[in-house]
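Visitor: Okay, predicted coordinates and the sequence, questions at the end:
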Amino acid sequence: MTARVGVVTFPGSLDDGDAARAVRLAGGEAVRLWHADPDLHGVDAVVLPGGFSYGDYLRCGAIARFAPVMESIAAAAAGGLPVLGICNGFQILCEAHLLPGALTRNQHLHFRNRDQVLRIESPATAWTNTFAAGQEILIPVKNGEGCYVADERTLDELEATGRVVARYVGGNPNGSLRDIAGITNAAGNVVGLMPHPEHAVEALTGPSLDGLGFFTSILKHLAGAPA
């Protein structure tokens with residue numbers, strides 16, 4: 001049976017269509033989910049896409065965390081549902097306390113849009129299992145508030161427990177502490193990533209095909225998950 005991966009659309013989402021296409025290219029079925037509908041429609045995993053949910057008023061992701069769909073996603077994630085938050089989706093996961101820390105204004109106060117090398121630190125998540133530890137990949141980054149921050153105790157815990165998923169290599173585009181580009185929760189089913197893997201899945205439009213690995217990883221994970 002084809003894995004069904006939900007892609008949420010919030011008012012202001014920009015990359016939901018790209019995320020759905022990436023799911024399909026990986027071999028999954030993309031299921032569109034609406035922010036105001038709490039029904040997850042039986043999906044096997046969820047992607048929170050990039051964009052500017054609710055216009056990024058208050059703080060990025062601060063309003064989206066209260067969307068009816070997020071209540072359902074938070075409850076399902078606690079039960080093991082795999083969730084990937086990309087860029088604004090990462091911000092939403094932090095605001096919803098599904099991941100620790102916060103995303104703040106880029107230290108240089110400029111929007112940064114470029115192709116970025118990442119080093120995969122942990123392949124032990126539902127979204128990174130097709131990568132090798134230490135593997136370097138090239139995917140786009142585009143954000144104005146992508147600086148990951150947390151207190152030293154939290155950062156040390158993330159490091160000690162292998163929960164840093166990816167780091168920036170060859171220059172930090174936003175000032176994220178310890179060059180962190182992505183993290184996971186303790187269970188490994190919830191991942192937040194600031195760069196955009198959904199924009200590196202086709203040779204015609206991406207700098208590489210490296211982003212496809214995040215989407216093939218979730219299908220591999222679901223294929224091995226108990227029914």
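Guide: Nice, thanks for sending it over. Residues are numbered from 1 along each chain as shown.

Visitor: pLDDT below threshold where in this protein?
Guide: Low-confidence segments of the chain, defined by pLDDT under 70: 225-227.

Visitor: What ranges does it have for its helices?
Guide: Using DSSP state H, the helices assigned to the chain run over residues 16-26, 68-78, 88-95, 152-160, 212-224.

Visitor: buried set for the longest one?
Guide: Which is helix 212-224. Across helix 212-224, burial judged by 16 or more other C-beta atoms under 10 Å covers 212-222. Heads up, the C-betas are built off the backbone N, CA and C, glycines and all.

Visitor: Check the offset of it from the chain's centre.
Guide: Centre-to-centre, helix 212-224 and its host chain are 14 Å apart (C-alpha atoms, centre = their mean, to the nearest Å).

Visitor: In contact with the nearest residue to residue 185 once chain neighbours are set aside, which residues?
Guide: In space, and not counting its chain neighbours, residue 185 is closest to residue 99: 6.1 Å by C-beta to C-beta, 6 or more residues apart in numbering. Residue 99 makes contact with 85, 90, 93, 183-185, 190, 192 under the criterion C-beta atoms under 8 Å, 6 or more residues apart in numbering.

Visitor: next one: phi and psi at residue 99?
Guide: phi -140, psi 150 (degrees, to the nearest 10).

Visitor: Output stretch 1-11 in CSV with nothing but the alpha carbons.
Guide: C-alpha atoms of stretch 1-11 as CSV (Å, rounded to 0.1, in the frame of the first residue of the first chain):
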residue,chain,number,x,y,z
MET,A,1,0.0,0.0,0.0
THR,A,2,1.3,3.5,-0.9
ALA,A,3,2.2,5.6,2.1
ARG,A,4,0.0,8.6,2.5
VAL,A,5,1.9,11.8,3.5
GLY,A,6,-0.2,14.8,4.5
VAL,A,7,1.0,18.3,3.5
VAL,A,8,-0.6,21.1,5.5
THR,A,9,-1.7,24.4,3.9
PHE,A,10,-1.9,27.4,6.2
PRO,A,11,-2.9,30.9,5.0
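
Visitor: Can you mark which positions in it are buried?
Guide: For stretch 1-11, by 16+ other C-beta under 10 Å, it's 3-10.

Visitor: Next, format those residues as TSV and append distance to residue 154.
Guide: Below are the buried residues of stretch 1-11 laid out as TSV (distance: C-beta to C-beta, whole Å):
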residue	distance to residue 154
3	32
4	33
5	29
6	29
7	29
8	26
9	31
10	27
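
Visitor: Of those, just say which sits nearest to residue 19.
Guide: Set against residue 19, the nearest of the buried residues of stretch 1-11 by C-beta to C-beta is residue 7 (4.8 Å).
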